[in-house]
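Student: sequence isn't available, so here's the structure alone:
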């Protein structure tokens with residue numbers, strides 16, 4: 001018997017999130033964008049395997065969401081300034 005889980009999550013940019021997490025999918029997983037949401041279907045033969053795969057997926061999803069969120073934040077103007085190593089604190 002096959003165990004199945006479908007996870008549907010909403011994001012500001014679902015295509016970006018789906019593209020970020022899809023490379024981590026195993027053969028038992030499929031990720032797509034459907035009606036503005038990321039939808040991932042997981043099939044495993046055992047309940048324990050399904051649980052582990054869902055757990056791993058949720059961690060990957062969380063990381064992808066955090067990275068996408070920070071990638072869209074404006075950069076601090078000072079963060080891109082090169083460090084002037086010629087200056088010495090003792091001066």
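Tutor: Alright, I've got the coordinates. Predicted model only: the values in this text are computed from it and were never measured. Numbers count the residues shown, from 1 in each chain.
Student: and the residue nearest in space to the middle of the chain, how far from residue 24?
Tutor: Centroid-nearest residue in the chain: residue 64, 1.8 Å away (criterion: C-alpha atoms, centre = their mean). Here residue 64 is placed at a distance of 9 Å from residue 24 (C-beta to C-beta, to the nearest Å). Just so you know, the C-beta spots here come from the backbone N, C-alpha and C atoms, and that holds for glycine as well.
Student: cool, residue 34 as well?
Tutor: 19 Å.
Student: so those two - more neighbours on which side?
Tutor: Comparing residue 34 with residue 24 by other C-beta atoms under 10 Å, the one with more neighbours is residue 24, at 15 against 10.
Student: tell me, how many residues neighbour the spatially closest residue to the more buried one that is not a sequence neighbour?
Tutor: Leaving aside its sequence neighbours, residue 24 sits nearest to residue 60 (C-beta to C-beta, 6 or more residues apart in numbering; 5.1 Å). By other C-beta under 10 Å, 17 other residues sit near residue 60.
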